[in-house]
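1. need coordinates for the below:
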Amino acid sequence: MNQFQVAKDQVTAAGAVVADRATAAAQDISTHATRVSLRVELKAPVVIIPQNSQSCNAVVMDLGHLTVSNALQLITSAGGQESSDGFPPVLDLMNVELDKLMLSRYLLYNSSSL
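-> Residues are numbered from 1 along each chain as shown. Predicted structure coming up:
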């Protein structure tokens, strides 16, 4: 029975070492991971929304020019606070801009043209 107890103790000790190393690796990845900032500019679509399936009345939204950008910020405080899992929080600031937005009411003819 002693051999089984010794083996159990060794497995428990090895598991604790692996858990500690995994936690350290996760914290290292969290602070040194590559983060991507984006800036996307595109001509946004024109969306046609009919009043109902039988109606010729519709609302047309021309979303103009759409710009989406983000910035990532690692939150560090003077007190060195971290989240409950031990990693510093990352704030993703996202900015969405719509320029030249136009909303119109149209009457559809032949259900295919404006």
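2. could you measure from the residue most central in space within the chain over to residue 35?
-> The residue lying closest to the centre of the chain (C-alpha atoms, centre = their mean) is residue 92, at 8.0 Å. Computed with C-beta to C-beta, to the nearest Å, the distance linking residue 92 and residue 35 is 9 Å. Where you see a C-beta, it was placed from the backbone N, CA and C, and this is true even at glycine.
3. overlap in contacts of the two?
-> Common neighbours of residue 92 and residue 35, using C-beta atoms under 8 Å, 6 or more residues apart in numbering, are residue 72.
4. quick one: average confidence on the strand or helix carrying the residue nearest to the centre of the chain?
-> Taking DSSP states H and E as the criterion, residue 92 maps to strand 90-99. Averaging pLDDT along strand 90-99 yields 87.
5. and the helix or strand that it is followed by, what does it pack onto?
-> Next helix or strand after strand 90-99 toward the C-terminus (DSSP H and E): strand 102-107. Secondary-structure packing of strand 102-107 (3 or more C-beta pairs under 8 Å, 6 or more residues apart in numbering; DSSP states H and E): strand 57-62.
6. just give the nearest non-adjacent residue to residue 49, would you?
-> residue 59 (4.8 Å; C-beta to C-beta, 6 or more residues apart in numbering).
7. how about low-confidence regions in this structure?
-> Where the chain drops to pLDDT under 70, the residues are 1-3, 27, 29-34, 77-88, 110-114.
8. domain ranges for this protein?
-> Domain assignment for the chain, taken from automatic domain parsing, gives 1-33, 37-114.
9. show me the helices in this protein, by range?
-> 2-32 (DSSP state H).
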